[in-house]
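J.: Sequence plus predicted model, see below.
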Amino acid sequence: MSVFTSQELVLDGYFGKVICEPNWKWSREHEPFDDYDFWYVWDGEGEVSLNRAHYHVRKGDCFLFRPGDLTSAKHNPERPLTVTYIHFNTKGTVFPVVSLPSFVHFDPSEFHEPYLDRFVHVRLTGGYGHDEEATMLLRLLLLMFERQIPGNQAQGDPAHRSMNRVIMDIAAHIIQDPGRQHSIHDLAKQAHLSPRYFSLKFKKIMGQTIESYIIKKRIERATYLLRLGMNVGEVSEALGYRSIYFFSRQFKKVTGTNPSEVRL
């Protein structure tokens with residue numbers, strides 16, 4: 001269940017990415033926030049007090065401050081904080097916001113930082129549809145924030161999750177360039193694994209051998225190109241087959257159909 005719909009978020013004018021000044025600090029312990037603040041740490045070192053809970057903050061830490069929160073913060077002037085802050089409000093029910101934690105540490109593999117930069121860029125430059133795009137970006141960031149909650153993360157130990165990401169990245173690379181003559185040696189090198197260990201892990205995670213996966217994705221691309229109107233010879237050449245006959249035999253073996261029968 002998603003946290004917000006775009007229509008429930010209301011942006012305001014307080015947002016940005018900034019390197020905090022050497023003597024920077026804030027104290028809202030007697031004057032609580034009256035809106036929400038999505039606050040992400042890019043770099044530096046500091047301290048945050050939130051409703052009497054204390055946090056030593058570092059790169060990747062992220063807070064969702066709420067109306068009524070009692071907060072204070074300071075940082076190490078020799079390692080000043082660089083932060084993105086996005087203030088917003090909601091309309092309609094606020095229950096989904098209440099259900100979120102106040103603090104998470106972002107997994108770098110979330111690739112969330114480009115969205116933070118894009119939000120600030122869109123708000124600063126304006127242009128057609130900028131409010132709608134910024135609202136959608138904020139909703140995406142909040143969804144990523146929610147995903148960092150331990151119960152919402154993939155199960156298994158960190159090493160296992162890391163290996164899954166490596167193999168999925170290789171699989172995505174094959175899909176992106178199916179016509180390349182991918183070698184197991186080169187793919188294993190890209191994954192920083194030995195060819196044998198890479199092959200074993202690929203089969204365990206993907207449920208098929210790396211060889212069969214490469215062929216399957218090449219044939220899937222061939223099917224798509226045939227349906228676009230390319231002829232069998234053109235598709236065979238585009239996908240790196242040296243022989244149209246070998247391509248046709250492999251295509252029929254995988255799909256049960258001759259490639260000439262697929263063309264619209």
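T.: It's in.
J.: confidence score at Trp42?
T.: Model confidence at Trp42, given as pLDDT, is 96.
J.: partners of the nearest residue to it once chain neighbours are set aside in the sheet?
T.: In space, Trp42 comes closest to Thr82 once its chain neighbours are excluded; the distance is 4.2 Å by C-beta to C-beta, 6 or more residues apart in numbering. In short, each C-beta sits where N, CA and C put it, glycine included. Following DSSP bridges, Thr82 is listed with bridge partners Ile19, Asp43.
J.: what about Thr82, neighbour count?
T.: Counted by other C-beta atoms under 10 Å, the residues lying close to Thr82 total 16.
J.: residues contacting it?
T.: Counting by C-beta atoms under 8 Å, 6 or more residues apart in numbering, Thr82 touches 17-20, 41-44.
J.: wait, which of those residues is closest to Ile175?
T.: Trp42 (31.9 Å; C-beta to C-beta).
J.: wait, isn't that closest one in contact with Val83?
T.: Yes - assessed by C-beta atoms under 8 Å, Trp42 is found in contact with Val83 at 6.6 Å.
J.: hey, what's in contact with both of those two?
T.: Residues touching both Trp42 and Val83 (C-beta under 8 Å, 6+ apart) are Lys17.
J.: neighbour-wise, which of the two wins?
T.: Comparing Trp42 with Val83 by other C-beta under 10 Å, the one with more neighbours is Val83, at 25 against 17.
J.: Now do the phi/psi pair for the nearest residue in space to the more buried one that is not next to it in sequence.
T.: Excluding its sequence neighbours, the residue lying closest to Val83 (C-beta to C-beta, 6+ apart) is Val41, at 5.6 Å. Note on Val41: backbone dihedrals following degrees, to the nearest 10 are phi -100, psi 120.
J.: For Lys59, see how far away Val41 is.
T.: Val41 is 6 Å from Lys59, where distance means C-beta to C-beta, to the nearest Å.
J.: follow-up on the earlier one: which ChimeraX command selects the buried ones in the contacts of Thr82?
T.: In ChimeraX, a selection of the buried entries from these looks like this (16 or more other C-beta atoms under 10 Å):
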select :17,20,41,42,44
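J.: in this structure, which spans are helices?
T.: 95-98, 113-125, 130-147, 158-176, 184-190, 195-206, 210-228, 232-238, 244-255, 259-262 (DSSP state H).
J.: Averaged over its residues, which helix or strand of the chain has the lowest pLDDT?
T.: Lowest by mean pLDDT, DSSP states H and E among the helices and strands of the chain is helix 95-98, with a mean of 54.
J.: so what's the residue nearest to Asp61 when sequence neighbours are not counted up against?
T.: Excluding its sequence neighbours, the residue lying closest to Asp61 (C-beta to C-beta, 6+ apart) is Val41, at 4.6 Å. Shown in contact with Val41 (C-beta under 8 Å, 6+ apart): 57-62, 81-83.
J.: Now do the contacts for Ile210.
T.: Taking C-beta under 8 Å, 6+ apart, we find Ile210 in contact with 184, 187, 198-199, 202-203.
J.: what distance separates stretch 197-208 from the centre of its chain?
T.: 23 Å (C-alpha atoms, centre = their mean, to the nearest Å).
J.: Most neighbours out of the contacts of Ile210, which is it?
T.: Highest neighbour count within these: Phe202, with 24 neighbours (other C-beta under 10 Å).
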